[in-house]
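Engineer: Structure for the following, please:
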Amino acid sequence: MIKLGKKRSNFGRWVDKQKDINKLELERASNLSRMTISKLCSDPDYRPRFSTVIKINQGLKKLGKNMDLNDFFY
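Structural biologist: Predicted coordinates:
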């Protein structure tokens, strides 16, 4: 089977499945750049800094999602 579309990381696939949040809302809530959010969602080999993981976690909490990010990044 041929896969079409862009590559997604585990985190990117999770964000795509969420109906109530999108990348733009996550960008505003976590106070990270659009490029960083895109890299988190698209590059499966990208390992963010600890400070970036903390900002993502805080942004997800603001959006009402409480989850363990160690499943995605470490």
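Engineer: List the contacts of residue 66.
Structural biologist: Remark: with contacts taken as C-beta atoms under 8 Å, 6 or more residues apart in numbering, residue 66 is in contact with residue 60. In this view, the C-beta of every residue, glycine as well, is placed from N, C-alpha and C.
Engineer: Tell me the buried residues in the longest helix anywhere in the chain?
Structural biologist: The longest helix of the chain (DSSP state H) is helix 50-62. Across helix 50-62, burial judged by 16 or more other C-beta atoms under 10 Å covers 52, 53, 55, 56, 57, 59, 60.
Engineer: and what of stretch 31-46?
Structural biologist: Buried residues in stretch 31-46, counted by 16+ other C-beta under 10 Å: 32, 36, 37, 39, 40, 41.
Engineer: which among the buried residues of helix 50-62 gets closest to residue 8?
Structural biologist: residue 56 (15.9 Å; C-beta to C-beta).
Engineer: wait, that closest one sits on residue 41?
Structural biologist: No: counting by C-beta atoms under 8 Å, residue 56 does not reach residue 41; the two are 10.7 Å apart.
Engineer: Run the chain-centre distance for stretch 52-72.
Structural biologist: The chain centre lies 8 Å from the centre of stretch 52-72; the measure is C-alpha atoms, centre = their mean, to the nearest Å.
Engineer: Kindly check the end-to-end length of that stretch for me.
Structural biologist: End-to-end distance for stretch 52-72: 13 Å, by C-alpha to C-alpha, to the nearest Å.
Engineer: mean confidence score for that stretch?
Structural biologist: Mean per-residue pLDDT for stretch 52-72: 86.
Engineer: ok, now how distant is residue 20 from residue 60?
Structural biologist: 11 Å (C-beta to C-beta, to the nearest Å).
Engineer: And residue 49, by the same measure?
Structural biologist: In this view, residue 49 and residue 60 are 17 Å apart by C-beta to C-beta.
Engineer: Tell me, how many residues neighbour the spatially closest residue to residue 43 that is not a sequence neighbour?
Structural biologist: Nearest in space to residue 43, with sequence neighbours left out and distances taken as C-beta to C-beta, 6 or more residues apart in numbering, is residue 9 at 6.2 Å. Counted with other C-beta atoms under 10 Å, residues neighbouring residue 9 total 18.
Engineer: Thank you kindly, that will do.
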